[in-house]
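Undergrad: Kindly generate the corresponding structure for this input.
(2 chains)
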Amino acid sequence: QKEVEQNSGPLSVPEGAIASLNCTYSDRGSQSFFWYRQYSGKSPELIMFIYSNGDKEDGRFTAQLNKASQYVSLLIRDSQPSDSATYLCAVYNAGNNRKLIWGLGTSLGVNP
Amino acid sequence: ETGVTQTPRHLVMGMTNKKSLKCEQHLGHNAMYWYKQSAKKPLELMFVYSLEERVENNSVPSRFSPECPNSSHLFLHLHTLQPEDSALYLCASSQDGLSQPQHFGDGTRLSIL
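TA: Below you'll find the predicted structure:
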């Protein structure tokens, strides 16, 4: 089992729809969770971070964390063609072996 | 300038060359990182510096040598690289450590001939 797992996609949604991106992690002691967006040929940029169970909203983006089920999701409302990118999930564990583990990313395409 | 700046943006070098990658952050952060990004692989964290002290070296071959002269500057010295080292090398910074959001530079696209 991969430590951080994402569906590689591509995920395709129509413009205006809700895009739902999921990330599961194996280490139950993980504490910090990040979503980054990476456009083709560019570097990752931070979209959201979440530390506590529940939802965190920022504009069209909502991060949802469920530590019991060990997953974190990113919802993008009113998807725009400019949201087409790869979305990377990163999970941090501050235990004995402090680690930040990255997923492979999910490719999202928003069709006009 | 703002954010994290990396130079050069592109680098082509032979296996016997010596070159250096440079990173500068203008965010007042205390931690800086080097990553390697290759196709079909997750981001690989290579080195972690906190307050100019190397705190993590993730089993990186010695042909990669980092240097952090102060909290704003980070270098990656390259020597006798292999073709499999061709990748995008990203520098990032965060306020104090890995538990916090990171800001990335634009990266250096490295090709080894």
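
Undergrad: going forward, measure contacts and count neighbours with C-alpha atoms only.
TA: Fine.

Undergrad: Which residue ranges of the chain form strands?
TA: No chain in the question, so chain A it is. Counting by DSSP state E, chain A forms strands over residues A:4-6, A:11-14, A:19-25, A:32-38, A:45-50, A:54-58, A:61-66, A:71-76, A:85-93, A:99-102, A:106-111, given from the N-terminal end onward.

Undergrad: sorry, should have said chain B
TA: Using DSSP E, the strands of chain B run over B:4-7, B:10-13, B:18-25, B:31-37, B:44-50, B:53-57, B:64-70, B:73-79, B:87-94, B:103-104, B:108-112.

Undergrad: hey, least reliable of the strands of chain A by pLDDT?
TA: Per-stretch averages of pLDDT across the strands of chain A put strand A:99-102 at the bottom, with a mean of 91.

Undergrad: and that strand, is it in reach of chain B?
TA: Yes: looking at strand A:99-102 against chain B by C-alpha under 8 Å from any C-alpha of the partner chain, the contacts come from A:K99, A:L100, A:W102.

Undergrad: ok, and the most crowded of these?
TA: Counting neighbours by other C-alpha atoms under 10 Å in any protein chain shown, A:W102 leads the residues of strand A:99-102 next to chain B with 23 neighbours.

Undergrad: Identify the bridge partners of that residue.
TA: Beta-bridge partners recorded for A:W102 (DSSP bridges): A:A90.

Undergrad: Cross-check the contact I'm expecting between it and A:V91.
TA: Yes: taking contacts as C-alpha atoms under 8 Å, A:W102 lies within contact range of A:V91: 6.5 Å.

Undergrad: shared neighbours of those two, which are they?
TA: With contacts defined as C-alpha atoms under 8 Å, 6 or more residues apart in numbering or on different chains, the residues shared by A:W102 and A:V91 are A:V4.

Undergrad: what residues does chain B put near chain A?
TA: Taking C-alpha under 8 Å from any C-alpha as the criterion, chain B approaches chain A at residues B:40-44, B:90, B:98-107.

Undergrad: closest to A:E57 among the residues you listed?
TA: Distance ranking of those against A:E57, using C-alpha to C-alpha, places B:P101 first at 16.3 Å.

Undergrad: Enumerate every residue touching the closest one.
TA: Contacts of B:P101 (C-alpha under 8 Å, 6+ apart): A:F34, A:L46, A:F49, B:S94, B:Q95.
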